[in-house]
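Novice: Provide a 3D model corresponding to the input given below.
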Amino acid sequence: MRWVGLDLHKRYITACALDEGGQIVAEHRRLPPDVDALVAWCRGLGDAVTVAMEATLYWAWLHDQLSAAGIAAVAAHPYQVKRIWQARCKTDPIDARKLAELLRTNLPPVIWVPDAAVRARRKLLRGRAYLVRVRTQLKNRIHGQLTAENCRTTVTDLYGRAGRAWLATVALSPAARVQVDLLLELVDALDARIHGLDDRVKRLVQGDPVAQQLQTWPGIGTFGAALLLAEIGTIHRFHSAHELAAYAGLTPSTQSSGDKTRHGGVGRAGSPWLKWLLIEMVQSLKLAPGPVGQQYQKLVRSKGKAKATVAAARKLCC
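Specialist: Numbers count the residues shown, from 1 in each chain. The predicted structure is shown next:
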């Protein structure tokens, strides 16, 4: 058996192969990022090969290509690999051998690799969410231009029919008018793209009974249900609600030594998209009757709005 560690870079791949005793049997520091060359190098090792790589850059594409070629491949969590194995001297060959050694000793922090269909849904839904964020930034810049000119409106929706009519006639300086008109053109272009993606999302969840059931919850619409399913993937891979909350990044850190135990914040670990989605859902639930709202009201005075919102999002997740 041969254990291979791959250190991925944009222009090359560093590979290291170990035998069952942990001795280096082959090493290549500048393999081209071409699957044919990598497969040929792996098959030249003779014995059965298992490959490990960190989940960075083009890892998903390489994982699929190696699996299709009949080579066993696993992806490791980059941050956890760093925590397990820290070295004062860090080079590409050392990183490749580190992955191979972790794989040989059955210690790599392997991540769950979603299938191609789930990854395609994630790209669609994350792309739509990104465009919505960009559109919000553009709208905020328009509000900033109006505030700088001391222009105030009484319309509820600045980008509805009445708001657009007001924007077309409001007195602005020539420089501000150019900026506002340009930003409005970009907003209109993004609106068209987002509406097109919305049609695809509706078709995606139309025949999914789980997505239909999720939409019965207040605060969960078509997009929220689709993104929730795509980010979680297979729910059966989680053995408990606590594991799902940890995957969403909603579990506080704990440091316990002797008789002292300290709980910290949730930090930046976990799935950022799932965490963002759950917190957005909580915004419409935290003031409504129900277990999520009760959790928020219980903590808001002692912990503050931010921490209470995160705790309510964890309650919703569980």
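Novice: what about the strands in this structure?
Specialist: 2-8, 13-18, 24-31, 49-54, 72-76, 254-257, 260-263 (DSSP state E).
Novice: what about Gln297, neighbour count?
Specialist: Residues lying near Gln297 (other CB atoms under 10 Å) number 14. (Each C-beta comes from the backbone N, C-alpha and C, glycine too.)
Novice: residues in contact with it?
Specialist: Contacts here follow CB atoms under 8 Å, 6 or more residues apart in numbering; on that basis Gln297 touches Lys286.
Novice: any idea how far Cys151 is from it?
Specialist: 39 Å (CB to CB, to the nearest Å).
Novice: do Arg268 as well
Specialist: 38 Å.
Novice: just Ala52 next, same as before
Specialist: From Ala52 to Cys151 the distance is 58 Å (CB to CB).
Novice: go on, Leu158?
Specialist: Applying CB to CB to Leu158 and Cys151 gives a distance of 11 Å.
Novice: repeat that for Met281.
Specialist: Taking CB to CB, one finds Met281 at 34 Å from Cys151.
Novice: more neighbours, those two?
Specialist: Each of Met281 and Cys151 has its neighbours counted (other CB under 10 Å); Met281 has more, 22 against 16.
Novice: Tyr130: neighbouring residues, count only.
Specialist: 10.
Novice: no no, Val282
Specialist: For Val282, using other CB under 10 Å, the count is 25.
Novice: isn't it up against Gly219?
Specialist: Yes: Val282 is in contact with Gly219 according to CB atoms under 8 Å; the separation is 7.5 Å.
Novice: follow-up on the earlier one: mind putting the strands of the chain into TSV with distance to Leu167, mean pLDDT and mean neighbour count?
Specialist: Converted to TSV, those look like this (distance: least, CB to CB, whole Å; pLDDT from 0 to 100; neighbours: other CB atoms under 10 Å):
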stretch	distance to Leu167	mean pLDDT	mean neighbour count
strand 2-8	48	95	24
strand 13-18	52	95	24
strand 24-31	56	93	15
strand 49-54	49	95	23
strand 72-76	49	95	20
strand 254-257	51	73	8
strand 260-263	49	74	9
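Novice: now those in JSON lines, with distance to Lys123?
Specialist: Compiled in JSON lines, these are given as follows (distance: least, CB to CB, whole Å):
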{"stretch": "strand 2-8", "distance to Lys123": "20"}
{"stretch": "strand 13-18", "distance to Lys123": "24"}
{"stretch": "strand 24-31", "distance to Lys123": "27"}
{"stretch": "strand 49-54", "distance to Lys123": "20"}
{"stretch": "strand 72-76", "distance to Lys123": "17"}
{"stretch": "strand 254-257", "distance to Lys123": "34"}
{"stretch": "strand 260-263", "distance to Lys123": "36"}
